[in-house]
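**Student:** return atomic coordinates for the entry below.
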Amino acid sequence: MTQTPIPWEDPARTGFFDRFVETVKLLATAPAEAFERMPTAGGIGKPLFFAITVGWIGIAVASVWMVILLVVGLSTAHRISRGNAAIAVFLPVVLCCAFMMALMFMGVLAGVASSQ
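**Tutor:** All right, here's what the predicted structure looks like:
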């Protein structure tokens, strides 16, 4: 008897979001069944992409939660408005991202110039 693969690996299912959500539900509610249904052959591409996707979603959720707690904690500890606390949290992040983007742009320009 052939067991159906997990939703993420099932070619009969369509839709990225549907397969993703169904696989996460299966892993959360019936992990033993999910691991029994996982294929043992066929490459590492699909499982790796699933793991990276779950990881990035986890990082995004944790980052948002961290920023909320930082803003609330900073405003409470220093008795300042939440708006000023948000500026204190986000301004260094924005400046750091802008600096990194400028460095990447200069690297691309240097690469283009050296290839000419």
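**Student:** any idea which residue sits dead centre in this protein?
**Tutor:** Centroid check for the chain by CA atoms, centre = their mean gives residue 56 as the closest residue, at 1.3 Å.
**Student:** which strand or helix spans it?
**Tutor:** Assigned by DSSP states H and E, residue 56 belongs to helix 45-77.
**Student:** who does whichever helix or strand comes after that helix touch, helix- and strand-wise?
**Tutor:** Using DSSP H and E, the next helix or strand after helix 45-77 towards the C-terminus is helix 82-115. Counting contacts by 3 or more CB pairs under 8 Å, 6 or more residues apart in numbering; DSSP states H and E, helix 82-115 is packed against helix 45-77. Using the backbone N, CA and C atoms, a C-beta is placed for each residue, glycine as well.
**Student:** flag every buried residue along the helix it packs on.
**Tutor:** 50, 71, 74, 75 (16 or more other CB atoms under 10 Å).
**Student:** low-scoring stretches of this structure, by residue?
**Tutor:** For the chain, the stretches with pLDDT under 70 are 1-2.
**Student:** returning to that earlier point: so the residue nearest to the centre of the chain versus residue 26, what's the distance?
**Tutor:** Distance, residue 56 to residue 26, by CB to CB, to the nearest Å: 20 Å.
**Student:** same question for residue 64.
**Tutor:** From residue 64 to residue 26 the distance is 26 Å (CB to CB).
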